[in-house]
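# what's the 3D shape of this:
(chains A, B, C and D)
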2 protein chains.
Amino acid sequence: MAATSRKKDEKLRDLTRRMIMDRTARLLVKNGYGETSLRDIAAACDMKAGSLYYHFDSKDSLVEAVMTHGVTQVEADVISALDATPADDPLSRIRTAMEAHLSTLHDRSDYGSAHIRCFAHVPADIRRRLRDVRGRYEAIWTRLLEEARTSGDIASDLDLHTLKFALIGMMNWTLEWRLPTGAGPREIADQFFRIALDGARRG
Amino acid sequence: MAATSRKKDEKLRDLTRRMIMDRTARLLVKNGYGETSLRDIAAACDMKAGSLYYHFDSKDSLVEAVMTHGVTQVEADVISALDATPADDPLSRIRTAMEAHLSTLHDRSDYGSAHIRCFAHVPADIRRRLRDVRGRYEAIWTRLLEEARTSGDIASDLDLHTLKFALIGMMNWTLEWRLPTGAGPREIADQFFRIALDGARRG
DNA sequence: TTTTAAATCTAACAACTGTTATAATTTAAT
DNA sequence: ATTAAATTATAACAGTTGTTAGATTTAAAA
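Residues are numbered from 1 along each chain as shown, chains lettered A, B, ... in the order given. Take a look at the predicted model:
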C-alpha cells in the first residue's frame, strides 16, 4: 500500500528529526548556542553538516525547534500531572505542578534545560517568539496562584507576579546544582513547597 | 618624581583595563560567551582587536577576569552590608544580604550578571576555577543560615543546602525578569524574604 | 629636542563558521 | 531489474574567529 509506506517514511523522517533535536539539545545544554557548531551537531548525529539541511532550514530553525519543544514539553507534563488529580485543593495542585516541572527538567530530556540555558543568548528574533511560548506556560502558574489566592490559601497582600518568579526561579536554578545524592525532583519539590508556602522560619 | 609618574601610569593602565572589562561584561550579558568576539569587544572600546592583547593575554583570561570580579563584587557588597549592622539578629542579616545581593546584581554593574549568564558555557578550565570563587561566596550564605538555625530562627528539619540554593535561585532568576516599574531590589528583597521565611500561605 | 617607553594599529595566519549546489548513495516502488 | 524518490556526502563559498609579529603612534623622561 502506498499510503502505509508513505506514512512509514514520514515516521522515519520524524524519527531522524527528533534524533537530531535530541543531540542538539544535549550540546546546547553543555556548550551553549554560540559554542555549538553545526559540525558538532552533525558529528553527534553521525552525519555531515550539510546533511542537516535536509531536515532543517538552518541552524537557527533547528535551535528554535529544540527550545520551543523545551517549553511545550514541560507544559504538557505539568498539565497532565494536574489533570491526573483534578479535584485537589489549590495548594496541592501547586505542589503537583512543582514536582512535574522539576521532574521533566531533570529526568526527562535536555530540551527544557537547553531552553533555560540558551534563552538569553539566542538571536533576538528567536527570543521574541520564545517569549510567547514561555508566556503561555507561565500563564498556568498565574492561574494556579490566583486560584489559591481566591480560595484564601495564599496571603492576599502578596504580589503573585513576584511569587510566580520566585517559584520558577528556585526550580530552574536547580540546573546549576550538583544534585545531592538521594534527592530527586520529588524531595526537592517537597522542600521547595515547604519553603515557599510555609516559610523556613521557626521549628 | 619618577615614583609618582610610574604610579600614575599604572593607574591609567588599570583604568583602561577596567574599562575593557566593563564593556566586556555588558557584551557577555547581552550576547553570551561564544557570541561575543574580540572584535566586538574591541569595537565597544574604540580599539582594534589586536590592541586588547596589550592588556590581556587572551580572550579567555579577559572573560575569566570579568566573571571572577562578578562574584567578588557581589561578595564584597554583601559583606560590607552585613558589617554595617553587625548586631542584627540572624534573620535580619539574611534579609540584609538578600537586598545587597539583588542590589549589586541589578544596579551596580554587569559583572555579576555576566558571571551568572555565562558560567555554564564558558570553557571547562575557567569554569573549574570559577567554582572555587563561587564556593567562597556561597559559604557566606551557609554561615548566615547556620547561625539562624543555631539561634532557633529556622526550622531544624529543613535542609540548609536546599534553602541556600532556593534563595540564590530566586534572586539570580530576577535577571530574567522584566522588572516591574517601581519595584527595586529593596522591594523584591522584602517579598522574597517574606516568601522564603514566612511562606506565602494564608492571609 | 632627543630618547625611551607605553599603547595602539596593521595586516596577516590558519582554523572555523553557516550555507549552498551538486554528486553519490541508499531505500522503496514498479 | 529498472526506475524513482529519499537521504546523505562532498566540496567549496565568503565571512568570521582568536592570535601574533612588526610597524606606528602617543606620551613621558632626559
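
# For the helix-or-strand element of chain A with minimal mean pLDDT, what is the distance to the chain centroid?
Using mean pLDDT, DSSP states H and E, helix A:2-31 stands out as the lowest-scoring helix or strand of chain A, at a mean of 80. Relative to the chain's own centre, helix A:2-31 is displaced by 19 Å; criterion: CA atoms, centre = their mean, to the nearest Å.

# quick one: contacts for the residue nearest the centre of chain A?
Residue closest to the average C-alpha location in chain A (CA atoms, centre = their mean): A:G112, at 3.1 Å. Residues near A:G112 by CB atoms under 8 Å, 6 or more residues apart in numbering or on different chains: A:G70, A:V71, A:Q73, A:V74, A:T104, A:L105. For glycine as for every other residue, the C-beta is placed from the backbone atoms N, C-alpha and C.

# which helices and strands does the least confident helix or strand of chain A pack with?
helix A:38-44, helix A:59-84, helix A:111-118 (3 or more CB pairs under 8 Å, 6 or more residues apart in numbering or on different chains; DSSP states H and E).

# Columns mean pLDDT on top of the ones you listed, output as TSV?
Output for those, formatted as TSV (pLDDT from 0 to 100):
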stretch	mean pLDDT
helix A:38-44	98
helix A:59-84	98
helix A:111-118	98
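
# okay, the ones you listed, which one's buried deepest?
Of those, the one with the most neighbours on average (mean count of other CB atoms under 10 Å in any protein chain shown) is helix A:111-118, at a mean of 25.

# Residues touching whatever helix or strand A:F165 lives in, excluding its own?
Using DSSP states H and E, A:F165 falls within helix A:160-172. With contacts defined as CB under 8 Å, 6+ apart, helix A:160-172 is touched by A:94, A:98, A:101-102, A:105, A:116, A:138, A:141-142, A:145-146, A:149, A:154, A:192, A:195-196, B:165-167, B:169-174, B:176-177, B:180, B:183, B:188, B:191-192, B:195-196, B:200.

# What about these, which are in helices?
Mapping the contacts of helix A:160-172 onto helices (DSSP state H) picks out A:94, A:98, A:101-102, A:116, A:138, A:141-142, A:145-146, A:149, A:192, B:165-167, B:169-172, B:188, B:191-192.

# Buried subset of those as a PyMOL selection?
Per 16 or more other CB atoms under 10 Å in any protein chain shown, the buried members of those correspond to this PyMOL selection:
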select buried, (chain A and resi 94+98+101+102+116+138+141+145+149+192) or (chain B and resi 165+166+167+169+170+171+172+188+191+192)
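
# hang on, the earlier thing: which parts of the least confident helix or strand of chain A are buried?
Neighbour counts using 16+ other CB under 10 Å place A:I20, A:M21, A:D22, A:R23, A:T24, A:A25, A:R26, A:L27, A:L28, A:V29, A:K30, A:N31 of helix A:2-31 among the buried residues.

# Dump those residues into TSV; add distance to B:A43 as well.
Converted to TSV, the buried residues of helix A:2-31 look like this (distance: CB to CB, whole Å):
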residue	distance to B:A43
A:I20	35
A:M21	35
A:D22	37
A:R23	35
A:T24	31
A:A25	33
A:R26	33
A:L27	29
A:L28	27
A:V29	30
A:K30	29
A:N31	25
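
# ok, these vs chain B, which is closest?
Using CB to the nearest CB, A:N31 comes nearest to chain B of the buried residues of helix A:2-31, at 6.1 Å.

# Just to check, A:A148 is in contact with A:S92?
No - checked against CB atoms under 8 Å, the pair A:A148 and A:S92 is beyond contact range at 9.8 Å.

# Between these two, point out the one with more neighbours.
It is A:A148, of A:A148 and A:S92, that has more neighbours when counted by other CB atoms under 10 Å in any protein chain shown, with 22 against 14.

# Check the burial of the closest residue to DNA strand D within chain A by counting its neighbours.
As assessed by CB to the nearest atom of the strand, DNA strand D sits closest to A:G50 within chain A, at 2.5 Å. Using other CB under 10 Å, A:G50 is surrounded by 10 other residues.

# likewise A:D110?
Applying other CB under 10 Å, we find 21 residues neighbouring A:D110.

# Test my guess that it contacts A:R23.
No - using CB under 8 Å, A:D110 makes no contact with A:R23, being 9.2 Å away.

# distance of A:E64 from A:I116?
Distance, A:E64 to A:I116, by CB to CB, to the nearest Å: 15 Å.

# For chain A, list the residues in contact with DNA strand D, please.
Applying CB under 7 Å from any atom of the strand, we find that chain A lies next to DNA strand D at A:9, A:12-13, A:16, A:42, A:46-51, A:54-55.

# please redo it, this time with the cut-off set to 6 Å
A:D9, A:L12, A:R13, A:T16, A:M47, A:K48, A:G50, A:S51, A:Y54 (CB under 6 Å from any atom of the strand).

# check contacts around the fourth one.
Under the criterion of CB under 8 Å, 6+ apart, the neighbours of A:T16 are A:H55.

# could you redo the last one with a cut-off of 10 Å?
A:C45, A:M47, A:S51, A:Y54, A:H55 (CB atoms under 10 Å, 6 or more residues apart in numbering or on different chains).

# so the first one touches A:Y54, yeah?
No - because the distance of 11.7 Å does not satisfy CB atoms under 10 Å, A:C45 is recorded as not touching A:Y54.

# For the helix holding A:F165, list the C-alpha coordinates in CSV.
The C-alpha coordinates for helix A:160-172 follow below in CSV (Å, rounded to 0.1, in the frame of the first residue of the first chain):
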residue,chain,number,x,y,z
LEU,A,160,1.6,36.9,42.7
HIS,A,161,3.8,38.0,39.9
THR,A,162,6.8,38.0,42.3
LEU,A,163,5.7,34.7,43.9
LYS,A,164,5.5,33.1,40.4
PHE,A,165,9.0,34.1,39.5
ALA,A,166,10.3,33.1,42.9
LEU,A,167,8.9,29.6,42.4
ILE,A,168,10.1,29.3,38.8
GLY,A,169,13.5,30.8,39.7
MET,A,170,14.3,28.4,42.5
MET,A,171,13.2,25.5,40.4
ASN,A,172,15.1,26.4,37.3
